[in-house]
Structures are given as C-alpha cells and as structure tokens.
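Need the 3D shape of this:
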Amino acid sequence: MSGAGDLLSMSLADLVEERKRLDGLLDDALEQFARFEEEFNPRMKVAPPDQLPALMAERANVEELLGIATLVDQIDLVRLRIDALKAG
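Below you'll find the predicted structure:
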C-alpha cells in the first residue's frame, strides 16, 4: 500500500484484500516478536537495574524494525475506509 490517499480510490474488494494482506504481515511480525521475547524475557529477569533502560530500548527497536505499530495503523486506516464504503 502506498498511502492513505490510495485507499480512497480502492474498491471494497481491493480494500478487503489489502486488509487480509496487512493482517498476514502483522501475524508474521507478531510471531517474530514473540520468538524474540522468549529469549529476551529471561535476560530482563536477571539484568541489573542499570541495564534495564538499554534492554527496553532494544525491545522497542525490535518492535520498530518489525513495523508492528505501522501495520496496526495501516490496518486501522483500511478498516475505517471499509466501514465508510459499507455505510454508503
């Protein structure tokens, strides 16, 4: 998807397909993040307090690299456009 403006020109069927595509990407990203957290959480439990900020920054960086927040935002935009088209 190129941008929010593109959503305005998409048909309902195309929007539904875009939503499915984005949902799949989000599922993949969340799965990767869960695998990261399996290794990360034990490190957090034993880390000295002075290392916690760096570990939290690492966690946030991984989440950013996976694009989780961006995907959620895109899905929300598609959902809003679908709802608008269905409402007429």
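
For the protein, name the helix or strand with the lowest mean pLDDT.
In the chain, no helix or strand scores lower on mean pLDDT, DSSP states H and E than helix 4-9, which sits at a mean of 80.

how far away is Arg59 from Glu39?
With distances taken as Cβ to Cβ, to the nearest Å, Arg59 is found 11 Å from Glu39. To be clear about C-beta, it is placed using only N, CA and C from the backbone, and glycine gets the same treatment.

What's the first helix or strand after the least confident helix or strand of the chain?
Downstream of helix 4-9, the next assigned helix or strand under DSSP states H and E is helix 12-46.

orientation of the very next helix or strand once past that following helix relative to helix 12-46 in degrees?
Remark: after helix 12-46, the chain's next helix or strand is helix 52-66, criterion DSSP H and E. Here the directions of helix 52-66 and helix 12-46 differ by 160 degrees (axes from the mean of the first three to the mean of the last three Cα atoms, to 10 degrees).

Setting aside sequence neighbours, what's the nearest residue to Gln32?
Once flanking residues are discounted, Gln32 sits nearest to Leu66: 5.8 Å by Cβ to Cβ, 6 or more residues apart in numbering.

same deal with Ile68?
In space, Ile68 is closest to Ala29, 5.2 Å off (Cβ to Cβ, 6+ apart).

and that neighbour, what pLDDT?
Confidence at Ala29, expressed as pLDDT, is 98.

Contacts only, for the residue nearest to Gln32.
Taking Cβ atoms under 8 Å, 6 or more residues apart in numbering as the contact definition, Leu66 lies against 29, 32-33.

what does Leu65 give?
By Cβ under 8 Å, 6+ apart, the contact list for Leu65 is empty.

What's the separation between it and Phe33?
Leu65 is 10 Å from Phe33, where distance means Cβ to Cβ.

doesn't Leu25 make contact with Ile75?
No: using Cβ atoms under 8 Å, Ile75 makes no contact with Leu25, being 9.2 Å away.

Quick check: closest non-adjacent residue to Ala69.
Spatial nearest neighbour of Ala69, excluding adjacent residues (Cβ to Cβ, 6+ apart): Glu63 at 7.1 Å.

Done for today, thanks.
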